[in-house]
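>>> coords please:
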Amino acid sequence: MQVNNTLAAGQNTQSASTKSSLSVDDFLQIMAAEIRNQNPMGSEGGGSNTDYVSQLAQFTTLEQISDISDSLTLLTLMNQQQYAFTLIGKEVTLTDGDSIVTGVVEKIKFQDGYAMLHVNNKNYNLGAVIEVANSQVEE
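The predicted structure is shown next:
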């Protein structure tokens, strides 16, 4: 059994939103099993101690990058939600398929963590906004 850089490279192809199912503890167990079962007469398929340390460092770095990515995703959603609240009462212009809609944001709804603007009795994704203006107050 050989553990090499393909372990870390394979984990790198996962999307940021999915957490790796292989933890550092799992990696250490695999590495310990390889050390226990290596051939004392030669290094057929076995790695050196430097290889193990390098692989562990790569694995740990990948895990930390994944955690940072998750944090940035959460921060982005929180910023989006805060921004959406500032649009209440503002006049917005949005795209709705091939048409353009203008109206005042009446309220904000959240669907699967994403902000939806309620304009003219219909919900629109925050990403559909193309222009924001102060609404005209009629006296």
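
>>> residue 28 and residue 22, how far apart?
Computed as C-beta to C-beta, to the nearest Å, the residue 28 to residue 22 distance reads 11 Å. Yep, even glycine has a C-beta here, placed from its N, CA and C like the rest.

>>> could you chop the chain up by domain?
Domain ranges of the chain: 5-82, 87-134, per automatic domain parsing.

>>> reformat those as JSON lines; add mean neighbour count and mean pLDDT.
Formatted as JSON lines, the domains of the chain follow (neighbours: other C-beta atoms under 10 Å; pLDDT from 0 to 100):
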{"stretch": "domain 5-82", "mean neighbour count": "13", "mean pLDDT": "70"}
{"stretch": "domain 87-134", "mean neighbour count": "14", "mean pLDDT": "91"}
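
>>> at which residues are the helices of the protein located?
Secondary structure of the chain, counting by DSSP state H: helices at 5-12, 24-36, 49-86.

>>> okay, those helices in JSON lines with distance to residue 133 next?
Formatted as JSON lines, the helices of the chain follow (distance: least, C-beta to C-beta, whole Å):
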{"stretch": "helix 5-12", "distance to residue 133": "44"}
{"stretch": "helix 24-36", "distance to residue 133": "51"}
{"stretch": "helix 49-86", "distance to residue 133": "13"}
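
>>> out of the ones you listed, nearest to residue 126?
Checking those against residue 126 by C-beta to C-beta gives helix 49-86 as the closest, at 5.5 Å.

>>> what's the angle between that closest one and helix 24-36?
170 degrees (axes from the mean of the first three to the mean of the last three C-alpha atoms, to 10 degrees).

>>> which strands or helices does helix 49-86 pack on?
helix 5-12, helix 24-36, strand 99-111, strand 114-119 (3 or more C-beta pairs under 8 Å, 6 or more residues apart in numbering; DSSP states H and E).
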